[in-house]
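**Q** Any chance you can model this:
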Amino acid sequence: MKIIAGQFRPVLPDQPNEKTPLHFFKIWRAIFRGRKRRQPIAQPATDQVARIPLLEDRGEAEIQWSAADLDRCYVQWLLDLDAFTEQPSNESETHALDSFTQMATGQTASAHLVPRLPTVIPQLMQSLKDEKMTGAQLARQISRDPVLVGEVIRLANSPYYRRSHKIASIEQAVVLVGQNGLRQLIARVAFYPILNLRSGSMTKRAGSKIWSQSEKCALVGRCLAEQRKEDVFSAYLAGLVSNVGMMVGLHLMDQLLSTKEEGIPRSWDFYHRFIHQAARFSHRIVEEWSFPETVALAIGELAERDSNEAISPLGKILSLSDRYSKISVLQEHRRVPAEIDLAAATADPCYAQISLW
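**A** Numbers count the residues shown, from 1 in each chain. Now for the predicted structure:
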């Protein structure tokens, strides 16, 4: 791993003696100690439009921008597309989508596509659960990884903490950030290589952008969870990994489609199907990782957001976080349609949190 211009860039060399992904799945299961609860996946509503109030429970006007319209603009931005064609998917695209659907629904294996977690991450997560662990001990563990050192110090000096003087030592940074901040940071470092793949035409275009939106989603989720007295780390974690299925799905598309010769798909029919299966795949992956049940449930609910069923408190937070974070990246890159009024979103204090990191 190395640091470039204040950002970490994990380097994953080939290591034949590295442990398998299954090994790390078992470690995460031991950390969270949660039993898996597989939620039934409902069939998607094809024409139903979900409209989510941006300032839920506050009586504010909602932005009339459907989830499908938002996703359409978001995918155009991800892949640098000016417009979609309205033609149906071609034969090779349909075959690739069918293969992805089988993977998303558990009919075929997927572990070979999901990168393994760095070994330091589960160790540190376990340490953070130990109430007897002192700040000095945590600092010593973190100091073994230069990427974590840089990230902890960067976080401690961010506008969020409003420090009058710069923090330079890892010991001071650990005390300031606290255990919750460290848990979030460690999760962020762990999932960066998974959500920033750059191994093909589609992942090269979208990798860093998906990571940016995922970070924003996690930050908004944490803020909303604090407001609503829900578990902050679960909200942060749900936002951070909600796009893992999309990233791995794009990696699969790079393998199955001749994107170099024919170019990436341009049909909205293709991406409409892909988005839904990617969300379902995220749900499957986090269940296999044995994440907390509330996190897996929220991600499953996001995958079926067009259904009329009531959703969990964390599901509501994740749905709103996903919406805010997509609006934020589109606004930042001037991809928001002129007729959309963003006043309600930008007035929310949790939307403003995005700019502090």
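**Q** Please list all residues in contact with Gln184.
**A** Contacts for Gln184 (CB atoms under 8 Å, 6 or more residues apart in numbering) come out as 218, 222, 233, 236-237. Heads up, the C-betas are built off the backbone N, CA and C, glycines and all.
**Q** Which residue ranges of the stretch 151-300 of the chain form helices?
**A** Ranges of helices within the stretch 151-300 of the chain are 170-191, 201-228, 232-241, 244-256, 259-262, 268-288, 293-303, based on DSSP state H, counting those that start in this stretch.
**Q** least reliable of those helices going by mean pLDDT?
**A** Among the helices of the stretch 151-300 of the chain, helix 259-262 has the lowest mean pLDDT, at a mean of 68.
**Q** Would you mind giving the helices of the stretch 151-300 of the chain as JSON lines with distance to Ala344 added?
**A** As requested, these are arranged in JSON lines below (distance: least, CB to CB, whole Å):
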{"stretch": "helix 170-191", "distance to Ala344": "27"}
{"stretch": "helix 201-228", "distance to Ala344": "14"}
{"stretch": "helix 232-241", "distance to Ala344": "20"}
{"stretch": "helix 244-256", "distance to Ala344": "26"}
{"stretch": "helix 259-262", "distance to Ala344": "38"}
{"stretch": "helix 268-288", "distance to Ala344": "24"}
{"stretch": "helix 293-303", "distance to Ala344": "21"}
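**Q** Go through those helices and name the closest to Thr105.
**A** helix 268-288 (6.9 Å; CB to CB).
**Q** so what does that closest one touch, helix or strand wise?
**A** With contacts defined as 3 or more CB pairs under 8 Å, 6 or more residues apart in numbering; DSSP states H and E, the packing partners of helix 268-288 are helix 67-78, helix 91-104, helix 232-241, helix 244-256, helix 293-303.
**Q** and it with helix 293-303, angle?
**A** If you take axes from the mean of the first three to the mean of the last three CA atoms, to 10 degrees, helix 268-288 sits at 170 degrees to helix 293-303.
**Q** Any idea how far helix 268-288 is from the middle of the chain?
**A** In terms of CA atoms, centre = their mean, to the nearest Å, the centre of helix 268-288 is set 13 Å apart from its chain centre.
**Q** repeat for stretch 74-93
**A** For stretch 74-93, the distance to the chain centre is 22 Å (CA atoms, centre = their mean).
**Q** what do you get for stretch 68-84?
**A** That offset, for stretch 68-84, works out to 18 Å (CA atoms, centre = their mean).
**Q** now swap in stretch 343-356 and tell me
**A** Its chain's average C-alpha position is 19 Å from that of stretch 343-356, according to CA atoms, centre = their mean.
**Q** What of stretch 165-178?
**A** Relative to its chain's centre, stretch 165-178 lies at 26 Å (CA atoms, centre = their mean).
**Q** same check, this time on stretch 176-187
**A** Stretch 176-187 has its C-alpha centroid displaced from the chain centroid by 17 Å (CA atoms, centre = their mean).
**Q** Find the residue ranges of the stretch 1-150 of the chain scoring beneath the pLDDT cut-off.
**A** Flagging of the stretch 1-150 of the chain using pLDDT under 70 yields the residue ranges 1-64, 111, 115-125, 128.
**Q** need the contact list for the closest residue to Gln353 other than its chain neighbours.
**A** Closest residue in space to Gln353, ignoring its immediate chain neighbours: Cys223 at 4.6 Å, by CB to CB, 6 or more residues apart in numbering. Residues in contact with Cys223 (CB under 8 Å, 6+ apart) are 349-350, 353.
**Q** Serialize those residues to CSV and add fields for secondary structure.
**A** What follows is these, written out as CSV (DSSP: H, G, I helix; E, B strand; the rest coil):
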residue, secondary structure
Pro349, helix
Cys350, helix
Gln353, helix
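**Q** Pull out the buried residues from those.
**A** Neighbour-count burial (16 or more other CB atoms under 10 Å) is assigned, among the contacts of Cys223, to 350, 353.
**Q** Nearest to Ala343 among the helices of the stretch 151-300 of the chain would be which one?
**A** With CB to CB as the measure, helix 201-228 is the member of the helices of the stretch 151-300 of the chain nearest Ala343 (17.2 Å).
**Q** ok, back up a step: ok, of the contacts of Cys223, which one's closest to Ala68?
**A** Of all the contacts of Cys223, Ala68 sits closest to Cys350, with 23.6 Å by CB to CB.
**Q** hang on, isn't the closest one packed against Lys216?
**A** No - Cys350 is beyond contact range of Lys216, at 10.7 Å (criterion: CB atoms under 8 Å).
**Q** what residues are shared contacts of the two?
**A** With contacts defined as CB under 8 Å, 6+ apart, the residues adjacent to both Cys350 and Lys216 are Tyr324.
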